[in-house]
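Enquirer: Structure of the sequence below:
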Amino acid sequence: MARSSKGNAFRCSECGWTTTKWVGRCGECQAWGTVAEGGSAPARRVVARTPTSQAVPISSVSAELAQRDLTGVTELDRVLGGGLVPGAVVLLAGEPGVGKSTLLLEVAARWADAGRRTLYVTGEESAAQVRLRAGRTGALSGELFLAAETDLGTILGHAQEIEPTLMVLDSIQTVATAEADGAPGGVTQVRESTGALVQAAKKTGMAVIIVGHVTKEGTIAGPRTMEHLVDVVLAFEGDRHSGFRMVRATKNRFGPADEVGCFEMTESGIVEVSDPSGLFTSDHAAAVAGTCLTVTMEGRRPLLAEIQALVVPALPQQNPRRVSQGFDNARSTMLTAVLQRRASVRLTERDIYVSTVGGARIVDPSADLACALAIASAALDRPVTGASGGGRLVALGEIGLAGELRRVQGLDRRLAEAARLGFDSAIVPAEPGAKARRRAHQGLRVIECATLPMALAEALGPSGAA
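Expert: From the prediction side, this is the model:
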């Protein structure tokens with residue numbers, strides 16, 4: 001183990017936490033292997049200097065210089081809060097192969113098609129490789145300039161020469177500068193490179209979009225300070241086995257941080273999906289037992305999702321299996337226990353499989369009721385069609401261990417989406433204001449239930465409840 005000499009300290013390269021001795025794990029950010037010895041410089045007195053510009057009242061500062069410009073990609077503009085602000089620095093992170101480069105090449109091309117000069121810097125591919133992909137996706141424009149560079153100074157030199165209004169850097173982990181120690185992608189290099197790009201963006205008014213990698217844990221690779229330096233942090237999510245992609249804002253200084261944008265990856269590139277509800281449902285010629293529809297909220301956006309369940313007898317002398325795909329396995333197991341204990345649905349010695357349609361990942365607690373109804377429907381072999389035996393139905397509500405239905409956020413917006421998609425009825429938790437809600441959603445029959453057995457009776461008929 002390393003030992004510190006007198007006057008030296010050990011500092012975490014991620015968060016700056018200091019200690020008098022070496023440790024393997026940072027005591028502040030809990031990162032492993034980031035604590036290293038560094039000489040503690042003596043404290044220096046900071047001398048006040050004459051300001052280069054005078055401070056002015058905030059009301060006298062013109063906001064016209066910060067007017068947003070549309071990127072041309074509607075779904076991305078939605079997440080950004082209405083477009084890119086001049087001088088803003090955006091960090092887009094995602095897993096390898098999810099389509100980050102394809103999306104940003106499309107953004108750069110549409111930005112350039114509007115007559116605005118654009119610089120696309122690639123550090124992971126050659127210029128010929130990017131040109132080949134641009135020809136395949138149709139991302140070609142006379143105002144789009146391409147440079148294959150990894151040196152930070154050279155990249156800033158290209159920006160000074162071309163004077164673009166937007167620069168895309170793919171990716172920050174490949175950029176290095178001689179002014180900082182370490183290899184490209186290291187903590188020091190990433191921090192210094194990001195800081196220099198932020199400074200250049202604020203000085204010139206050039207918007208910058210930086211591509212970032214993620215670790216195997218799903219977090220953004222590099223120092224945590226990088227996320228603090230930039231103005232917007234976007235997460236590009238998607239499954240390799242599904243064409244659906246989602247851009248989610250986790251930080252936005254210029255707009256809401258709970259918006260999402262939906263895309264679909266095709267052979268000809270990435271396509272915007274303005275109405276993604278149909279991607280997560282399946283078409284059945286007749287009502288099928290073991291399926292139930294719900295409306296989830298991704299940020300402030302309601303999305304229709306379908307949950308399917310299959311209940312079969314377990315193999316002799318084996319423990320029953322509980323398998324979930326796209327839905328939290330622990331939560332589906334809990335719902336199974338609530339169904340058996342509170343609604344008297346016999347599920348012992350049965351294997352239960354729960355899955356979502358279209359590769360959707362549902363973490364919204366409001367999908368509890370739909371999952372429980374799908375499991376009960378599969379166990380009783382009765383489709384979820386409502387007590388009248390016909391019509392399209394959605395289920396919304398969180399389920400407690402006592403079998404009660406709890407209210408969910410954004411219920412009116414979810415019901416409006418269900419009404420727009422032509423559903424006949426919706427089962428929701430009982431709460432005050434039901435009459436006003438029925439008036440607000442004409443054509444949609446809103447059924448309020450206080451407990452899970454009541455919801456089962458409404459969804460499956462009297463035989464579906466205990």
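Enquirer: Would you agree Val35 is in contact with Cys29?
Expert: No: the criterion here is CB atoms under 8 Å, and Val35 misses it with Cys29 at 10.3 Å. (Each C-beta comes from the backbone N, C-alpha and C, glycine too.)
Enquirer: Now do the strands in the stretch 351-466 of the chain.
Expert: 393-395, 398-399, 405-406, 425-429, 445-449 (DSSP state E, counting those that start in this stretch).
Enquirer: which residues sit against the second one?
Expert: The reference is to strand 398-399. 335, 338, 365-366, 368-369, 372, 405-408, 429, 452 (CB atoms under 8 Å, 6 or more residues apart in numbering).
Enquirer: Asn117 - how many residues pack around it?
Expert: One thing to correct before we go on: residue 117 is Arg, not Asn. 17 (other CB atoms under 10 Å).
Enquirer: typed the wrong thing, it's Pro429
Expert: For Pro429, using other CB under 10 Å, the count is 21.
Enquirer: now it: how far from Gly386?
Expert: 17 Å (CB to CB, to the nearest Å).
Enquirer: ok, then the element right after the helix or strand hosting Val121?
Expert: Per DSSP states H and E, Val121 falls inside strand 118-122. The helix or strand immediately downstream of strand 118-122 is helix 127-137, counting by DSSP H and E.
Enquirer: average pLDDT for that next one?
Expert: The average pLDDT for helix 127-137 rounds to 93.
Enquirer: repeat for stretch 322-333
Expert: Here the average pLDDT along stretch 322-333 is 95.
Enquirer: Please measure how far the first residue of that stretch sits from its last one.
Expert: Using CA to CA, to the nearest Å, the end-to-end distance of stretch 322-333 comes to 7 Å.
Enquirer: about what we covered before: please save the CA atoms from the strand holding Val121 in PDB.
Expert: Output of strand 118-122 as PDB, limited to C-alpha atoms (Å, rounded to 0.1, in the frame of the first residue of the first chain):
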ATOM      1  CA  THR A 118     -21.700  23.000 -39.400                       C
ATOM      2  CA  LEU A 119     -18.600  21.100 -38.400                       C
ATOM      3  CA  TYR A 120     -18.600  17.400 -37.700                       C
ATOM      4  CA  VAL A 121     -15.500  16.100 -36.000                       C
ATOM      5  CA  THR A 122     -14.900  12.400 -35.900                       C
END
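Enquirer: what stretches of this protein score poorly on pLDDT?
Expert: Scanning the chain with the threshold set as pLDDT under 70 gives 1-8, 15, 38-44, 285, 387-391, 432-442, 462-466.
Enquirer: Which strand runs longest in it?
Expert: strand 301-313 (DSSP state E).
Enquirer: which helices and strands does that strand pack with?
Expert: On a contact count with 3 or more CB pairs under 8 Å, 6 or more residues apart in numbering; DSSP states H and E, strand 301-313 meets strand 291-298, strand 350-356, helix 368-380, helix 411-420.
Enquirer: related to what we said a few turns ago, touching both of Val35 and Cys29, which residues are there?
Expert: By CB under 8 Å, 6+ apart, the residues touching both Val35 and Cys29 are 12, 17.
Enquirer: Of those two, give the one with the bigger neighbour count.
Expert: Neighbours per residue, other CB under 10 Å: of Val35 and Cys29, the larger number sits with Val35, 23 against 14.
Enquirer: so how far is Gly195 from Ala183?
Expert: In this view, Ala183 and Gly195 are 18 Å apart by CB to CB.
Enquirer: Thr177 now?
Expert: As defined by CB to CB, Thr177 lies at a distance of 10 Å from Gly195.
Enquirer: More neighbours: these two, which one.
Expert: Thr177 (18 against 14).
Enquirer: And the more buried one, its phi and psi?
Expert: For Thr177, the backbone dihedrals (degrees, to the nearest 10) come out as phi -140, psi 140.
Enquirer: That one contacts Gly153, correct?
Expert: Yes: contact status for Thr177 versus Gly153: in contact at 6.4 Å, counting by CB under 8 Å.
Enquirer: Just the buried residues of stretch 215-232, please?
Expert: Buried residues in stretch 215-232, counted by 16 or more other CB atoms under 10 Å: 220-227, 229-232.
Enquirer: Sorry, slip of the keys, the one I care about is stretch 374-388.
Expert: Buried residues in stretch 374-388 (16+ other CB under 10 Å): 374-380, 382-386.
Enquirer: Strands along the stretch 201-350 of the chain, start to end?
Expert: Using DSSP E, counting those that start in this stretch, strands in the stretch 201-350 of the chain cover 207-212, 232-238, 244-252, 260-266, 269-272, 291-298, 301-313, 322-325, 350-356.
Enquirer: want to throw those strands into JSON lines with distance to Val190?
Expert: What follows is the strands of the stretch 201-350 of the chain, written out as JSON lines (distance: least, CB to CB, whole Å):
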{"stretch": "strand 207-212", "distance to Val190": "9"}
{"stretch": "strand 232-238", "distance to Val190": "14"}
{"stretch": "strand 244-252", "distance to Val190": "17"}
{"stretch": "strand 260-266", "distance to Val190": "26"}
{"stretch": "strand 269-272", "distance to Val190": "26"}
{"stretch": "strand 291-298", "distance to Val190": "29"}
{"stretch": "strand 301-313", "distance to Val190": "32"}
{"stretch": "strand 322-325", "distance to Val190": "35"}
{"stretch": "strand 350-356", "distance to Val190": "36"}
